[in-house]
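In: coords please:
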Amino acid sequence: MMMKKIVFLFFMVCWAVAASARANVNIFAYSREAPDTKIYDSYGKAARLSDFKGNFLIAVFWSKTCVPCLREMKELNSFANKTKDNGVKVILVSSAKDWASREEQVALLHKYGGDDLDFYIDKGSALANEFGIFTSPHAVLINGENMEIGRIRGAIDWDDSDVEEYIYKLKAQN
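Out: As a prediction, the model looks like this:
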């Protein structure tokens, strides 16, 4: 009974923080090379962030237990579909310990409207650790030269036209 109360309180605090928080966008004064740690697609094929070179990459670190992450999934999927033909690539990155199987990943993405998002596993949270990411959602912005230019901490309204315009502006500048 006590555990249920603790879990309930935890989710209520997460919800309250997400509901009141504004997107925390941090664009760096100087870009830095993105780590090239291996991540794995849902079939186990290795990839690196540098494999996406040429695209403006938005790598969203998330967790299946993160309520704001799940809440923004459908909007993120929509954003990815709107921008994919314009040189913007969105990927999801999640810790391997979150998942028992590929089927579980696919089912959760479907349930929350993320069917079209490319999903990668971060074994041992190696890539998240290289970036120093310990919270989710956390989006890393990487230009076409594989240089990290900034981050977005917390959930945002990916369906907002101002967000789309801002991403295109960043893409053009970097």
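
In: can we go C-alpha only for contacts and neighbour counts from here?
Out: Will do.

In: what packs against the helix or strand where residue 26 lies?
Out: For residue 26, the host element (DSSP states H and E) is strand 24-33. Applying 3 or more Cα pairs under 8 Å, 6 or more residues apart in numbering; DSSP states H and E, we find strand 24-33 packed against strand 147-153.

In: Name the surrounding residues that touch the strand holding residue 26.
Out: If you take Cα atoms under 8 Å, 6 or more residues apart in numbering as the criterion, strand 24-33 is touched by 146-154.

In: Mark which of the residues you listed are buried, thanks.
Out: 146-154 (16 or more other Cα atoms under 10 Å).

In: Tell me the one among those residues nearest to residue 82.
Out: Of all the buried ones among the contacts of strand 24-33, residue 152 has the smallest distance to residue 82: 19.1 Å, by Cα to Cα.

In: Before we move on, what's the pLDDT of that closest one?
Out: Looking at residue 152, its pLDDT reads 96.

In: Wait, residue 174 touches residue 141, no?
Out: No - assessed by Cα atoms under 8 Å, residue 174 is found out of contact with residue 141, at 10.4 Å.

In: Could you tell me which strands the strand holding residue 26 is paired with, and in which direction each runs?
Out: With DSSP bridges as the test, strand 24-33 is paired with strand 147-153 (antiparallel).

In: Give the next helix or strand downstream of the strand it pairs with.
Out: Using DSSP H and E, the helix or strand that follows strand 147-153 in sequence is helix 161-173.

In: where along this structure do the helices fall?
Out: 2-20, 67-83, 102-111, 126-131, 161-173 (DSSP state H).

In: re earlier: what is the rounded mean pLDDT of the strand holding residue 26?
Out: Per-residue scores along strand 24-33 average to 92.

In: Run the angle between it and helix 161-173 for me.
Out: Put simply, strand 24-33 runs at 20 degrees to helix 161-173, going by axes from the mean of the first three to the mean of the last three Cα atoms, to 10 degrees.

In: mind listing what's buried in strand 24-33?
Out: Buried residues in strand 24-33 (16+ other Cα under 10 Å): none.

In: Go ahead and measure how far that strand is from the middle of the chain.
Out: 16 Å (Cα atoms, centre = their mean, to the nearest Å).

In: same question, stretch 130-148
Out: Worked out by Cα atoms, centre = their mean, stretch 130-148 lies 8 Å from the chain centre.
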